[in-house]
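# pasting the structure only:
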């Protein structure tokens with residue numbers, strides 16, 4: 001036991017030093033991003049900075065800090081009245097719930113994002129949204145539903161989009177088909193994921209592809225091929241600090257070695273997995289490693305070590321259960337906070353809509369009053385036919401521009417801001433309105449000018465009759 005405790009102390013010390021080193025790098029990056037917030041003025045720039053900071057905290061396990069910046073993204077999206085930014089914030093918030101295995105709230109916010117993004121011309125946003133929903137259903141082992149969403153995501157991948165999005169979708173599809181034990185389909189999609197990987201830039205994507213290749217070939221019984229992929233993944237992930245893939249590959253390879261009866265190597269890679277679980281601060285990974293080490297030491301007859309890891313597994317299980325209970329309580333409170341924020345959004349939208357409607361009503365009343373005044377003045381001697389022609393022209397232009405403004409506002413919502421649809425509708429509206437505008441202008445101004453001339457003529461005639469002696 002003494003030897004084991006010394007070993008564990010060394011492992012935890014090395015892991016802690018590694019973790020602190022990584023945290024220092026992350027802290028430095030986040031600090032530099034936070035400094036940008038003091039300089040940037042544009043909403044889009046500030047939003048992207050919030051997004052980058054949120055991503056850092058998400059991948060480093062700082063879920064509380066991630067929530068803070070994901071909420072700032074939502075608030076800024078609301079403030080800017082840009083639905084696509086609100087949709088992206090919902091996706092970011094959903095990932096926070098997903099990290100805690102709270103799939104109920106995770107899906108709730110993904111569906112909210114989909115409702116927003118599907119009605120806007122942001123193909124990337126919709127594609128990413130569908131991919132995340134598919135991934136969630138894959139985690140829930142509802143593989144058929146996962147596949148249907150992932151296929152929908154493939155249908156809307158922008159043509160100009162780089163290979164990263166396709167890599168992620170194909171990787172998810174491969175894992176979903178693996179879950180259904182459809183190994184040929186799984187192999188087909190991981191091969192597509194590999195083709196759509198920038199190995200020089202997308203280290204995470206490539207490490208994940210190697211990992212999936214290993215799982216697929218292991219399921220197909222090709223253990224030597226699987227072993228080769230796991231070892232390549234471990235080497236590549238270690239070289240490029242892709243800890244999640246490193247953790248997974250070490251555990252999968254250890255289980256494969258144990259299956260082949262290579263206890264010594266299985267113990268080595270399980271301990272690697274155990275060490276990395278301290279760096280990633282993932283309790284479930286630590287539990288998996290503890291459980292496997294317990295079995296390994298039991299197999300080789302080391303009862304003390306087996307007992308130690310059994311106790312550690314039990315302790316970690318209790319800790320995880322307590323953490324999940326705490327997360328559930330926190331998530332309910334946070335969800336209520338977001339609900340209040342959404343109600344505030346809805347109230348602000350209604351308030352803004354009412355103000356906008358009032359503005360349109362006042363403009364209409366103003367134009368109508370101006371038109372009545374124009375008609376009244378045209379029937380008096382106060383104004384001349386020249387005045388009627390000039391003022392009539394401007395009043396009719398104002399009237400038709402008001403119609404155009406109202407139609408544009410309504411059509412923007414109807415066409416969901418798609419430029420081509422808007423262009424076609426506006427051309428059709430112009431073909432209808434412009435001829436009516438010109439005909440009405442000509443008819444009304446001529447009629448009122450003629451009537452005003454008659455009034456002036458009658459007034460002059462009456463004046464002449466008054467001054468002419470009988």
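Now that the structure is in, tell me what you want to look at. What you are looking at is a predicted structure, and each value in this text was computed from that prediction instead of being measured.
# which stretches of the stretch 151-300 of the chain have low pLDDT?
When residues are selected by pLDDT under 70, those of the stretch 151-300 of the chain lie in 159-162, 279-281.
# what's the distance between residue 396 and residue 442?
Residue 396 sits at a distance of 10 Å from residue 442 (criterion: Cβ to Cβ, to the nearest Å). In short, each C-beta sits where N, CA and C put it, glycine included.
# So those two - more neighbours on which side?
Set side by side, residue 396 and residue 442 show more neighbours around residue 396, with 19 against 11, by other Cβ atoms under 10 Å.
# give the contact list for the more buried one.
Contact analysis of residue 396 by Cβ atoms under 8 Å, 6 or more residues apart in numbering lists 437, 440, 441, 444, 445.
# Distance from the chain centre to the longest helix seen in the chain, please.
Counting residues, the longest helix found in the chain (DSSP state H) is helix 303-378. Relative to its parent chain, helix 303-378 has a centroid offset of 15 Å by Cα atoms, centre = their mean, to the nearest Å.
# Buried ones in the next helix or strand after it, by neighbour count?
Counting by DSSP states H and E, the element after helix 303-378 in chain order, helix or strand, is helix 385-415. With burial defined by 16 or more other Cβ atoms under 10 Å, the residues of helix 385-415 counted as buried are 385, 388, 391, 392, 395, 396, 399, 400, 415.
# Likewise for stretch 221-241?
Buried-residue list, stretch 221-241, by 16+ other Cβ under 10 Å: 226, 227, 229, 230, 232, 233, 234, 236, 237, 238.
# Kindly reformat those as a markdown table containing distance to residue 256 and secondary structure.
As requested, these are exported to a markdown table (distance: Cβ to Cβ, whole Å; DSSP: H, G, I helix; E, B strand; the rest coil):
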| residue | distance to residue 256 | secondary structure |
| --- | --- | --- |
| 226 | 6 | helix |
| 227 | 6 | helix |
| 229 | 10 | helix |
| 230 | 7 | helix |
| 232 | 14 | helix |
| 233 | 12 | helix |
| 234 | 12 | helix |
| 236 | 18 | helix |
| 237 | 16 | helix |
| 238 | 18 | helix |
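# which residues does the nearest residue to residue 202 once chain neighbours are set aside contact?
Leaving aside its sequence neighbours, residue 202 sits nearest to residue 164 (Cβ to Cβ, 6 or more residues apart in numbering; 5.6 Å). By Cβ under 8 Å, 6+ apart, the contact set of residue 164 is 198, 202, 205.
# Nearest to residue 428 among these?
residue 198 (44.5 Å; Cβ to Cβ).
# So the closest one versus residue 241, what's the distance?
For residue 198, the distance to residue 241 - Cβ to Cβ - is 17 Å.
# Same check on residue 217?
Computed as Cβ to Cβ, the residue 217 to residue 241 distance reads 25 Å.
# picking up where we left off before, report the inter-axis angle for the longest helix of the chain versus helix 385-415.
160 degrees (axes from the mean of the first three to the mean of the last three Cα atoms, to 10 degrees).
# helices and strands around helix 303-378, which ones?
helix 2-37, helix 63-80, helix 83-99, helix 283-299, helix 385-415, helix 419-467 (3 or more Cβ pairs under 8 Å, 6 or more residues apart in numbering; DSSP states H and E).
# and if we set it to 7 Å?
helix 2-37, helix 63-80, helix 283-299, helix 385-415, helix 419-467 (3 or more Cβ pairs under 7 Å, 6 or more residues apart in numbering; DSSP states H and E).
# circling back to that earlier point, mind putting the buried residues of stretch 221-241 into TSV with distance to residue 92?
What follows is the buried residues of stretch 221-241, written out as TSV (distance: Cβ to Cβ, whole Å):
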residue	distance to residue 92
226	35
227	38
229	32
230	32
232	32
233	28
234	30
236	28
237	25
238	29
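# between these, which is nearest residue 377?
Out of the buried residues of stretch 221-241, the member with the shortest distance to residue 377 (by Cβ to Cβ) is residue 237, at 82.7 Å.
# nearest residue to that closest one other than its sequence neighbours?
Spatial nearest neighbour of residue 237, excluding adjacent residues (Cβ to Cβ, 6+ apart): residue 246 at 3.9 Å.
# Return the set of buried residues in the helix or strand harbouring that neighbour.
Element membership for residue 246 (DSSP H and E) is helix 243-259. Using 16+ other Cβ under 10 Å as the test for burial, helix 243-259 gives 243-258.
# May I see the buried residues of the helix or strand just after it?
For helix 243-259, the following helix or strand on the C-terminal side (DSSP H and E) is helix 263-280. Buried residues in helix 263-280, defined by neighbour count with 16+ other Cβ under 10 Å: 266-267, 269-280.
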